[in-house]
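1. the following comprises the amino acid sequence and a computationally predicted model.
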Amino acid sequence: MKRSIQLVALLLTVFMGSCTGGKDKAAAEHVDAKPIVKLADVKARPVDQIQDYTATVEAEVKNNIAPSSPVRIDQIFVEVGDRVSKGQKLVQMDAANLKQTKLQLDNQEIEFNRIDELYKVGGASKSEWDASKMQLDVKKTAYKNLLENTSLQSPINGVVTARNYDNGDMYSGGEPVLVVEQITPVKLLINVSETYFTKVKKGTPVDVKLDVYGDEVFTGTINLIYPTIDATTRTFQVEIRLDNKDQRVRPGMFARATLNFGTAENVVVPDLAIVKQAGSGDRYVFVYKDGKVSYNKVELGRRMGTEYELKSGVPDNSQVVVAGQSRLVNGMEVEVEASSQPSSK
């Protein structure tokens, strides 16, 4: 009986050892197995260099209508939304100071005329004549300035877009009494990468879409190119003008402008090939060559449906991994899926 028990124990030991050995062998084979990947052939082709920019529509000219010093408002002649013409009277301020200054000016003119007559016959010196003339000029300037700040006129053809006071209010020097904006034409200001500085030309047509009008395209032109580059953002400003003759486009609307900088020969890859590195905004592509993959950092260009233009990072006529990237590391040997075997070159 004792020998039977020992025999059974021996058989169990041999059996367990064979099982463990089988598992170790399977694990070793599993470690040695190469990751299977799917490849896509990619090459360079002409790509339209189209860039989209966002901006807020601005008035061509914006004027704040206000006097130069605090004074009571006598009457405001317009409301928000009213169209006004250049030179049109918009606001009448209290005229008490103006009337007083006019009386002083009239008296000074009388005094100057008296000194002038005396000077002509030798009854007054040149210095007296000069002093009287200077006083008269000062009064004229003061009266002209006060006249302009008592009767406020529109300097442009435009629309009243803000009214901050009512009749009888005391203008305090803060917000303007009125705001008048010229909305024919309007403009957009966009920031363009310095890469395109030599390619942006004045007068170039630009397609503009406004969110409020959906996919409707408005045509603008490049009206102004700022001559300096912002050292912080490495961009320069470009002003786009829209004629806006029907005045459908209004200041404050959100706009998207599309600029076409011609074409360039760049590699185009499927979007499945792009890998985003965790914790950063960098993008990478696994490039297959001679049985191994390299982890190449790329610079993305345009997205075109299910493809991306690459500015750099992948050579022309390459093969890139489009499936199976999760297990890959730089320099790893891989096995290519049968349906995407590298073509013989």
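-> Arrived safely, thanks for sending. Numbering: from 1, shown residues only.

2. in which helix or strand would I find the closest residue to Arg241 other than its chain neighbours?
-> Residue nearest to Arg241 in three dimensions, not counting chain neighbours: Asn223, with 3.9 Å by C-beta to C-beta, 6 or more residues apart in numbering. Every residue, glycine included, has its C-beta placed from N, CA and C. Under the criterion of DSSP states H and E, Asn223 resides in strand 217-225.

3. for that strand, buried residues please.
-> The neighbour-count check on strand 217-225 (16 or more other C-beta atoms under 10 Å) flags 218, 220, 222-223 as buried.

4. possible to save those residues as a markdown table with distance to Arg234 and pLDDT?
-> Listed next are these as a markdown table, based on distance: C-beta to C-beta, whole Å; pLDDT from 0 to 100:
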| residue | distance to Arg234 | pLDDT |
| --- | --- | --- |
| Phe218 | 29 | 96 |
| Gly220 | 24 | 96 |
| Ile222 | 20 | 97 |
| Asn223 | 23 | 96 |
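
5. just the closest of the residues you listed to Asp211, please.
-> Phe218 (12.3 Å; C-beta to C-beta).

6. is the closest one in a bridge, and if so with what?
-> For Phe218, the beta-bridge partners are Val208 (DSSP bridges).

7. quick one on the thing from earlier: now, which of the buried residues of strand 217-225 sits nearest Lys297?
-> Nearest to Lys297 among these: Ile222, at 33.5 Å, using C-beta to C-beta.

8. who's that closest one bridged to?
-> Per DSSP bridges, the residues bridged to Ile222 are Ile240.

9. now it: how far from Leu152?
-> From Ile222 across to Leu152, the span is 35 Å (C-beta to C-beta, to the nearest Å).

10. contact partners of the strand holding Asn223?
-> Residues outside strand 217-225 that contact it (C-beta atoms under 8 Å, 6 or more residues apart in numbering): 187-188, 200-210, 236, 238-243, 249, 257.

11. from the middle of its chain, how far away would it be?
-> Relative to its parent chain, strand 217-225 has a centroid offset of 15 Å by C-alpha atoms, centre = their mean, to the nearest Å.

12. buried set for the top strand by length along the chain?
-> The strand spanning the most residues in the chain, taking DSSP state E as the definition, is strand 36-56. Across strand 36-56, burial judged by 16+ other C-beta under 10 Å covers 37-40, 42, 44, 47, 49, 51, 53, 55.

13. using TSV, please lay out these together with distance to Met134 and pLDDT.
-> Output for the buried residues of strand 36-56, formatted as TSV (distance: C-beta to C-beta, whole Å; pLDDT from 0 to 100):
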residue	distance to Met134	pLDDT
Val37	91	94
Lys38	91	94
Leu39	90	95
Ala40	86	95
Val42	82	96
Ala44	77	95
Val47	72	92
Gln49	65	87
Gln51	61	89
Tyr53	56	95
Ala55	52	96
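
14. returning to that earlier point: elements contacting the longest strand of the chain?
-> With contacts taken as 3 or more C-beta pairs under 8 Å, 6 or more residues apart in numbering; DSSP states H and E, strand 36-56 sits against strand 178-193, strand 254-270, strand 283-289, strand 292-304, strand 318-323, strand 335-336.

15. what would the ones you listed look like in TSV with mean neighbour count?
-> Converted to TSV, these look like this (neighbours: other C-beta atoms under 10 Å):
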stretch	mean neighbour count
strand 178-193	20
strand 254-270	17
strand 283-289	20
strand 292-304	16
strand 318-323	21
strand 335-336	15
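
16. with mean pLDDT added, can I get the ones you listed in a markdown table?
-> Shown next, in a markdown table, are the helices and strands packed on strand 36-56 (pLDDT from 0 to 100):
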| stretch | mean pLDDT |
| --- | --- |
| strand 178-193 | 95 |
| strand 254-270 | 93 |
| strand 283-289 | 95 |
| strand 292-304 | 93 |
| strand 318-323 | 95 |
| strand 335-336 | 93 |
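
17. need these in a markdown table (columns: distance to Gln92).
-> A markdown table is the format used below for the helices and strands packed on strand 36-56 (distance: least, C-beta to C-beta, whole Å):
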| stretch | distance to Gln92 |
| --- | --- |
| strand 178-193 | 12 |
| strand 254-270 | 38 |
| strand 283-289 | 63 |
| strand 292-304 | 57 |
| strand 318-323 | 74 |
| strand 335-336 | 85 |
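
18. can you list the domains in the chain?
-> According to automatic domain parsing, the chain comprises the domains 33-47+265-340, 52-60+184-262, 96-148.

19. which of those domains sits closest to Ile156?
-> Proximity to Ile156 (C-beta to C-beta) singles out domain 52-60+184-262 among the domains of the chain, at 8.9 Å.

20. straight-line length of that closest one, end to end?
-> Domain 52-60+184-262 has an end-to-end distance of 14 Å (C-alpha to C-alpha, to the nearest Å).
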